[in-house]
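1. Okay, sequence plus prediction incoming.
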Amino acid sequence: MKKMKMFAAFALAAAMIAGCTACGGSSSSSASSTAASGTTTSAASAASDSAVAKIKAAGKITMVTNAEFEPFEYKDNDKIVGIDVDIAQKVADKLGVKLEITDIAFDSCVPSVQTGKADFSAAGLSVTEDRLKNVDFTDTYYNASQAIIVKKGSDIKSRTDLNGKTVGVQQGTTGDIYCTNEDGSSDIKVGEVKRYPKGMDAISDMIAGRIDAVVIDNFPAEKYVSKNSDKIQKLDEALTEETYAIAVPKNSDLKETINGVIKELNDSGEMDKIVSQYISAD
């Protein structure tokens, strides 16, 4: 029985070899066709996954921001303008598409990019480890800091004087993160943190005596102080030093495009012109 099984096995093997020899050219052609098909499919898949390709096909690029952050984004006669808007427009021009801006709550900007509701967010966003878990950031385009604003005559003279005080912040900002200090990394132990959707709301509450200080990004802080210079002042000492960048979805090829625009603006000196235009404005 074993010999018969072995003979049958040899016969089957011989038949298979003969069959393969007879159709060798066809098999090779079929394999090549399959490989080519796979390559085409892979290329098509890569193209369909390209954020830039989708944006160009749609004819528009969508940006989310919080237009309460002068001079980076704010409303002028119901039109959103500012440093970030000018940079975003340069990105849209580079891609040859229309720029669409949606004004939302600041703490919704990163989630909107993460979930694909927007192509990117330019909102005076500081690069943090927590945010990097959910989105990618472009190259830095601005060095910033968190400023401390107090009423004139306040006993708060330095950052350490914030210990035990009631501090107002704009919700979701790095000032909020630093003062809340959930991870224990801050050397400041604020007594209570009050969160506001708009920085100006925090300033109003401080002027009214409901909070002791406000922590907010430096340039908006300077704007608020200039408009209320008889009542409030900004401390010389900053609470933190940080950098601004644009948030894009994880692994998006849009990041490379925006980085290219940022480099062009820096190399040409146009970035400085954009920034000085808004910072020097009254």
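-> Nice, I can see it.
2. What number of residues are in the vicinity of Lys151?
-> 18 (other CB atoms under 10 Å). (C-beta placed from N, C-alpha, C; glycine too.)
3. Got the confidence number for the nearest residue to it once chain neighbours are set aside?
-> Excluding the flanking residues, the one nearest Lys151 by CB to CB, 6 or more residues apart in numbering is Ile232, at 5.7 Å. As predicted, Ile232 sits at a pLDDT of 98.
4. Hmm, Ile232 is touching Lys152, no?
-> Yes: using CB atoms under 8 Å, Ile232 is in contact with Lys152, at 6.5 Å.
5. quick one: Pro197 from Ala105, how far?
-> 6 Å (CB to CB, to the nearest Å).
6. Common neighbours of those two, please.
-> Gln171 (CB atoms under 8 Å, 6 or more residues apart in numbering).
7. The stretch 51-200 of the chain: strands as residue ranges?
-> 60-65, 68-69, 73-76, 79-81, 98-103, 120-121, 136-137, 142-151, 166-170, 192-196 (DSSP state E, counting those that start in this stretch).
8. where in the chain is pLDDT low?
-> Low-confidence segments of the chain (pLDDT under 70): 1-48, 280-282.
9. can I see the domain layout of it?
-> As given by automatic domain parsing, the domain ranges for the chain are 51-141+245-279, 144-242.
10. Nearest spatial neighbour of Lys194, chain-adjacent residues omitted?
-> Counting by CB to CB, 6+ apart, the residue nearest Lys194 is Gly168, at 4.8 Å.
11. List the residues that contact that neighbour.
-> Residues in contact with Gly168 (CB under 8 Å, 6+ apart) are 193-196, 201-203, 205-206, 211, 213-215.
12. mind running it again at 7 Å?
-> Lys194, Tyr196, Ala202, Asp205, Met206, Ile211, Val214 (CB atoms under 7 Å, 6 or more residues apart in numbering).
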